[in-house]
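[1] Kindly return the folded structure for what I paste below:
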Amino acid sequence: MKAVRWAEGVKPLLVPIDQVKQHPDNPNNGDDENLVESIQINGFVTAITADAKTGYIIAGNTRYRALHALGATEIPVLWVDHWEGQDSVRYL
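    A predicted model of the protein is given here:
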């Protein structure tokens, strides 16, 4: 498996991929296969957003799954800590 190429801007945001997890209430499913191909060609250029308290992904489930499919052990994360309960669910 080929290593993921990270854009310079996301490298400071990298954390172990097991620090985040998919939100159980997220109804969104993206096009994993095309995103995997895009990451292989273009590299990974943006971060996901996750709740700092729960580790749940608020934005970026498809990117998370694509990185898993590529065997990545890290993921760039923007942590948010100002949402409570339903606030993050509304954002999903």
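
[2] which residues of this protein fall in helices?
    32-42, 61-69, 86-91 (DSSP state H).

[3] Can you tell me which of those is most buried?
    helix 61-69 (a mean of 19; mean count of other CB atoms under 10 Å). All C-beta spots, glycine's among them, are computed from the backbone N, C-alpha and C.

[4] Going by neighbour count, list what's buried in the longest strand seen in the chain.
    Secondary structure of the chain per DSSP state E: the longest strand is strand 74-80. For strand 74-80, the neighbour count (16 or more other CB atoms under 10 Å) marks 74-77, 79-80 as buried.

[5] Which of the helices of the chain has the lowest mean pLDDT?
    In terms of mean pLDDT, the lowest-scoring of the helices of the chain is helix 86-91 (a mean of 58).

[6] returning to what we had before: which one among the buried residues of strand 74-80 gets closest to V4?
    Within those, the smallest distance to V4 is 8.1 Å, found for E74 (CB to CB).

[7] Lowest-scoring secondary structure element of this protein by mean pLDDT?
    Lowest mean confidence among the helices and strands of the chain (mean pLDDT, DSSP states H and E): helix 86-91, at a mean of 58.

[8] From the rest of the structure, what touches stretch 13-30?
    6, 47-48, 50, 55-58, 61-62, 64-65, 67-68, 72-78, 88-89, 92 (CB atoms under 8 Å, 6 or more residues apart in numbering).
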